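> Mind looking at a prediction? Sequence and model below.
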Amino acid sequence: MRRDRLTFGMMIGIPLMQIIVFGYAINFDPKNLPVTVVSADNSVFSRDLVYAMENSGYFRITGTAASEKEAARLLDLGDVQFILNIPENFGRKLLKGERPTILLEADATDPVATGSAIAAMSVIAQELFDRDLKGPLSHLQAGQPPFKLVIHKKYNPEGVTQYNIIPGLMGIVLTLTMVIITGVAITRERERGTMENLLSTPVRPIEVITGKIIPYIIIGYLQVTLILLAAHYFFHIPMVGSVPLLLLVSLFFIVANLSMGITFSTIAKNQMQAMQMAFFFFLPSLMLSGFMFPFRGMPEWAQWIGSALPLTYYLRIVRGILLKGNGFSEVLVHLWPIALFMSIALTVAVGRYRETLD
Amino acid sequence: MSAEEKPVIDVYDLKKSFDGKPAVKGISLKIRRGEIFGFLGPNGSGKTTTIRMLCGLMKPDGGHGSCLGFDVLTEMSKIKENAGYMTQNFSLYEDMTVGENLDFMARLYGISSRKDVVAENLSRLGMTGNKNQLAGTLSGGWKQRLALGACMIHNPQLLLLDEPTAGVDPKARFDFWNKIHKLSAEGVTILVSTHYMDEAEQCHKLGYIVAGELLTEGSPEEVIKKSGLVTWRVAGPDIWLLSEKISELPAVAQVTVFGTELHVSGYDKEALYRDLKPFMDGKWAFEVSKPGVDDVFVSLMEKRGDEGQ
């Protein structure tokens, strides 16, 4: 152990680091969720409503959308978590006691992410206008709130956890198996001594790496297929979007993870170290990608780490395609970071692969 | 072996160190086409490192030269394409069959008619019946045979063999060396490292390396002649006791026991005879003889001390 510093570091340093990172990063009560406002009313009351939402800490108004269509696209892309719809003449109708309707649309793919904010919204609705409705208007605050709040949980209206988890699991399973499988690929050659023979032949690094990657792409697709079949037949996950598109996008994600594994295996001295590195990569992927805990609930620095991991984007893509029915243009936003990660990992892997025994 | 032909291996002053520790300290070699060059030396003397530098597996830290006409510093991939290297430890895939291993090697060398080449090699190795056997389940001699076949699948003009016969039974060694001579006759150049002296005596040329330096080089006869050694063979009872007494004598450089014989060597013929005379009383049979390469190497080692460690 004394001579295997890396293992030592992995056993002491990493658990410590992970406790700190995950301890601070994980939050089941996400705040500052982005909201876009579609407002056809400019009264005191609608402005007060928006302020009250911001003050609650759960919502952060990122802007206003000109049309409902534009707002819906932002929700599809995952740029905002909520759309607040304020109808025409909201203020006037409120004063007349007509109890106008406020529509809050939520991206409820992850029920946990929106749960607290939705609960907070009901409280806001109850207490909001107590201050404004005084004197002659005080009758409006008797009993029920002066407006109707309709909350529309989109994509996953029943809040079924599986709808969120199963598509996410696909990314988790791929990350774990793909990184480990190639992580040990080159270290095993080195441990068994077959590397010396391989290196003495004229084979090029890119050929070795391609040879190590291609068979596992097929394995990766086998896993994707199995999970999708299970998702459909056992868990009845809705598949709104195009499955072929999902399969196409998965290629980038699979190759990105395989290349990461190859990079690890060029660094690791033995299979054991390669496994440790794979776990070192897997844990933040699990914790900070938005799979286990709402991405928006994490502090900004943790979101930065999450944003460097391909799984974060893949989760958005899988959920986007299956639950939201995202098409290619929405997917592209999350696809290029995966492609970028893939190219970097592949370049590092090829660059680190030694053609000699030096 | 015409003189005007450029040597297949022609390197000067190759150097290599690991973590600041020199493993090879300036080795120069010239090996001609069709020659069998025996590379000898104790464990850890730098044989493997030298071979690796010659086959493009390691880049020398210093020195220059060519192998098969390609520069050892800049054209390593060209050398890899054209030379065959057999590693010291079995380095084919144990979980693949004999046929699969050969096929894989053929692929790596980009051989077009793979099927034919594999079938041809299997029959040449006498392993057609083992085609579907896992390489890991082969015995030592057969593994070595397969490894030799695998590193020759592309018909290289240069073979670099790193202790190919270590741990192999005598019959398999004999077959192996027959093969080596055949290849050499066909014009293949062979550099082979070994610890066996009977194998050394079969080489056209020898190089003896200790602690990263080439101590002597030449044909076995030349090596013996250069050493200036005179050897007496002594046979008789209690030679172990005798060896202790004899080794004290001033003219005796070394005494080694070979089976039931003692080899007593010295550099001065007359002085050695004078010193040994008192023991020639009929109890032991003394016979002056030509020193063997083993006597020469032991003497070289003694002169150097135990630097090889």
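Cool, the structure landed. Numbering: from 1, shown residues only, chains lettered A, B, ... in the order given.

> Let me know whether stretch A:208-227 sits next to chain B.
No. Using CB under 8 Å from any CB of the partner chain, stretch A:208-227 stays clear of chain B, with a minimum separation of 9.6 Å. Every residue, glycine included, has its C-beta placed from N, CA and C.

> which of the residues in that stretch are buried?
Buried residues in stretch A:208-227, defined by neighbour count with 16 or more other CB atoms under 10 Å in any protein chain shown: A:208, A:209, A:212, A:213, A:216, A:220, A:223, A:224, A:227.

> go on, stretch A:73-83?
Neighbour-count burial for stretch A:73-83 flags A:73, A:74, A:75, A:76, A:77, A:78, A:80, A:81, A:82, A:83 (criterion: 16+ other CB under 10 Å).

> which residues sit against that stretch?
Residues outside stretch A:73-83 that contact it (CB atoms under 8 Å, 6 or more residues apart in numbering or on different chains): A:33-38, A:59, A:62, A:65, A:68, A:71-72, A:103-107, A:113-114, A:117, A:154, A:296, A:316, A:320, A:324, A:326, A:330, A:333.

> Can you flag which of these belong to helices?
Cross-referencing the contacts of stretch A:73-83 against helices under DSSP state H gives A:68, A:71, A:72, A:113, A:114, A:117, A:316, A:330, A:333.

> Which among those count as buried?
Judged by 16+ other CB under 10 Å, buried ones among the ones in helices among the contacts of stretch A:73-83: A:71, A:72, A:113, A:114, A:117, A:316, A:330, A:333.

> What is the lowest-pLDDT residue among those residues?
Among these, residue A:113 carries the weakest pLDDT, at 84.

> what about the nearest residue to that one once chain neighbours are set aside, how many residues close to it?
In this structure, residue A:113 finds its nearest non-sequential neighbour in residue A:294, 3.6 Å apart by CB to CB, 6 or more residues apart in numbering or on different chains. Applying the criterion other CB atoms under 10 Å in any protein chain shown, we find 21 residues in the vicinity of residue A:294.

> Contacts only, for residue A:294.
Going by CB under 8 Å, 6+ apart, residue A:294 touches A:27, A:28, A:30, A:110, A:112, A:113.

> So for the first one, what's the pLDDT?
Going back to what we said before, that points to residue A:27. 78.

> secondary structure class for the residue lying closest to residue B:152 once chain neighbours are set aside?
Among residues not flanking residue B:152 along the chain, residue B:84 sits closest, at 5.1 Å (CB to CB, 6+ apart). Of the three states, residue B:84 takes strand under DSSP: H, G, I helix; E, B strand; the rest coil.

> neighbours around residue B:84, how many?
25.

> Helix or strand: which one has residue 179?
Just going to use chain A. Using DSSP states H and E, residue A:179 maps to helix A:161-192.

> hm, I was asking about chain B
Applying DSSP H and E as the criterion places residue B:179 in helix B:170-185.

> Report the mean confidence score over the very next helix or strand once past that helix.
Counting by DSSP H and E, the next helix or strand C-terminal to helix B:170-185 is strand B:189-193. The average pLDDT within strand B:189-193 is 95.

> Strand B:189-193: partners in the sheet, and parallel or antiparallel?
With DSSP bridges as the test, strand B:189-193 is paired with strand B:36-40 (parallel), strand B:158-162 (parallel).

> and the angle from that strand to helix B:170-185?
Computed by axes from the mean of the first three to the mean of the last three CA atoms, to 10 degrees, the angle separating strand B:189-193 from helix B:170-185 equals 150 degrees.

> Distance from strand B:189-193 to the middle of the chain?
How far strand B:189-193 lies from its chain's middle: 7 Å, per CA atoms, centre = their mean, to the nearest Å.

> That strand: which residues count as buried?
B:189, B:190, B:191, B:192, B:193.

> Please save the CA atoms from it in CSV.
Extracted as CSV, the C-alpha positions of strand B:189-193 are listed here (Å, rounded to 0.1, in the frame of the first residue of the first chain):
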residue,chain,number,x,y,z
THR,B,189,19.3,-12.6,-39.9
ILE,B,190,18.8,-13.7,-36.3
LEU,B,191,19.8,-12.2,-33.0
VAL,B,192,19.1,-14.5,-30.2
SER,B,193,19.7,-14.1,-26.5
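
> In terms of secondary structure, what does the helix or strand just after it contact?
Following strand B:189-193 in sequence order, the next helix or strand is helix B:197-200 (DSSP H and E). Counting contacts by 3 or more CB pairs under 8 Å, 6 or more residues apart in numbering or on different chains; DSSP states H and E, helix B:197-200 is packed against strand B:36-40, helix B:293-304.

> if you compare those, which one is most tucked away?
strand B:36-40 (a mean of 25; mean count of other CB atoms under 10 Å in any protein chain shown).

> if I pick residue A:90, what's in contact with it?
Contact partners of residue A:90, counting by CB under 8 Å, 6+ apart, are A:40, A:41, A:43, A:45, A:46, A:100, A:102, A:147.

> and of those, the nearest to residue B:289?
Residue B:289 lies nearest to residue A:102 out of these, by CB to CB, at 112.6 Å.

> Now the helix holding residue B:179: average pLDDT?
Mean per-residue pLDDT for helix B:170-185: 91.

> hmm, who's touching that helix?
So helix B:170-185 is in contact with B:34-36, B:140-141, B:144-145, B:148, B:159, B:164-165, B:168, B:190, B:192, B:196, B:199, B:202, B:204, going by CB under 8 Å, 6+ apart.
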